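[1] What shape does this take:
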Amino acid sequence: MQPDEIEAYFTRSDDTYLFARWGRPIAPIVFGVDDATLSVVKGAVEAVVRLAGHEMAEADPELGANLMFFFFRDWDELPQVPDLDRLIPDLGPLVARLKAADANQYRSFRFDDAGAIQASFVFLRMDQSLSDIPAETLALNQMVQTILLWSDQAFLDHSPLANLPESGGVILKPEIGDLIRVSYDPILPVVAQDASHALRIYARMQAAPQT
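    Residues are numbered from 1 along each chain as shown. Okay, the predicted model is just below:
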């Protein structure tokens, strides 16, 4: 992966560069699934957090859980979730926009005073399109897109996952795995707003053993 490719993963549609990673251990919770799917989602969280070399926790001291997955059938269900409007500003207008766009997923991030990721909320409206995706694939894809603050354009035209024709399963693309792992290198900043940060990631990727 070349420096310009790395830069593109964190360059937003307004041409600003913005990188952030989690600044605290991740404490996940999942709503709206059965026990089997719960195990799959938590397994994906643990795998990606372990890849990043980050930490998990049973609970967050401020929020209890700081990574929340919501699975549901209709956007109108969200305003009925107790206290969700306290976590997601302007929840009503947001739901209206998502309905108008016929969206089936949305991710929201909260940041601490230093700009590091403090919490994330993942909303999945299980329409036919998402329902057709195996739970393992859906969970891994969502967690990959939550472990870092990627550009809003990062995975619009390609997936971070690769198919395994032999088994029909999926894996994280090696270059994306390396990018996540190096992004959590303690020598690199938790937050960056200058594109020169991509050069630092590139240098670390060249120096580090490849996965």
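[2] in stretch 56-63, what's buried?
    D60, L63 (16 or more other CB atoms under 10 Å). (Each C-beta comes from the backbone N, C-alpha and C, glycine too.)
[3] would you put the C-alpha positions of that stretch in PDB?
    Provided in PDB are the C-alpha atoms of stretch 56-63 (Å, rounded to 0.1, in the frame of the first residue of the first chain):
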ATOM      1  CA  MET A  56     -11.300  -4.700  25.600                       C
ATOM      2  CA  ALA A  57     -13.100  -4.200  28.900                       C
ATOM      3  CA  GLU A  58     -16.200  -5.500  30.600                       C
ATOM      4  CA  ALA A  59     -17.500  -2.000  31.100                       C
ATOM      5  CA  ASP A  60     -16.700   1.700  30.300                       C
ATOM      6  CA  PRO A  61     -16.600   3.900  33.500                       C
ATOM      7  CA  GLU A  62     -18.700   6.600  31.800                       C
ATOM      8  CA  LEU A  63     -21.100   4.800  29.500                       C
END
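[4] So for stretch 128-135, what gets flagged as buried?
    Quick answer for stretch 128-135 (16+ other CB under 10 Å): A135.
[5] List the contacts of that stretch.
    Stretch 128-135 is contacted from outside by A36, T37, V40, V41, N104, Q105, L124, L138, V170, using CB atoms under 8 Å, 6 or more residues apart in numbering.
[6] Mind doing that once more with 10 Å?
    By CB atoms under 10 Å, 6 or more residues apart in numbering, the residues outside stretch 128-135 that reach it are 33-34, 36-41, 43-44, 71, 73, 104-105, 124, 126, 138-141, 168-170.
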